[in-house]
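Novice: what would the 3D arrangement of this be:
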Amino acid sequence: MTAAQVFVLEIDGRPTLVFDAPDADVAGAICVDDLLRTDLESMATNGEPICYPHSRLAYRPASPREIAAFEHAHLRAPESNEPTMVFLINVDGIVMISVEPSA
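Specialist: Residues are numbered from 1 along each chain as shown. The predicted structure is shown next:
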């Protein structure tokens, strides 16, 4: 794993996805990215939009459990130079692997 820090994107206070970023400034920029918001507005969980146009997106440092889930999924992701983002919620129409780390 790189020296990046792991953060959680919360949508209206709901932990939604975990991602890595070199620092809090970059994490904050990710949270205000229009393309990310558009993508999130087009996705649903249990038939409800993940994000609405008026939703509040915020970030915070990930908890140890969220970091473990991120690392678990990161190890199973195909090699890529793109940033890794791991959903903490079910997303309609996307097959998910379990991101719960084994004991």
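
Novice: the host helix or strand of residue 74: what's the following helix or strand?
Specialist: Element membership for residue 74, per DSSP states H and E: helix 64-76. Proceeding N to C from helix 64-76, the next assigned helix or strand is strand 85-87, under DSSP H and E.

Novice: pLDDT of that next one, averaged?
Specialist: Here strand 85-87 scores 88 as its mean pLDDT.

Novice: so which bits of stretch 84-97 are buried?
Specialist: Buried residues in stretch 84-97, defined by neighbour count with 16 or more other Cβ atoms under 10 Å: 84-88, 91. For glycine as for every other residue, the C-beta is placed from the backbone atoms N, C-alpha and C.

Novice: looking at the residues you listed, which is nearest residue 48?
Specialist: For the buried residues of stretch 84-97, the minimum distance to residue 48 (Cβ to Cβ) is 11.2 Å, reached by residue 91.
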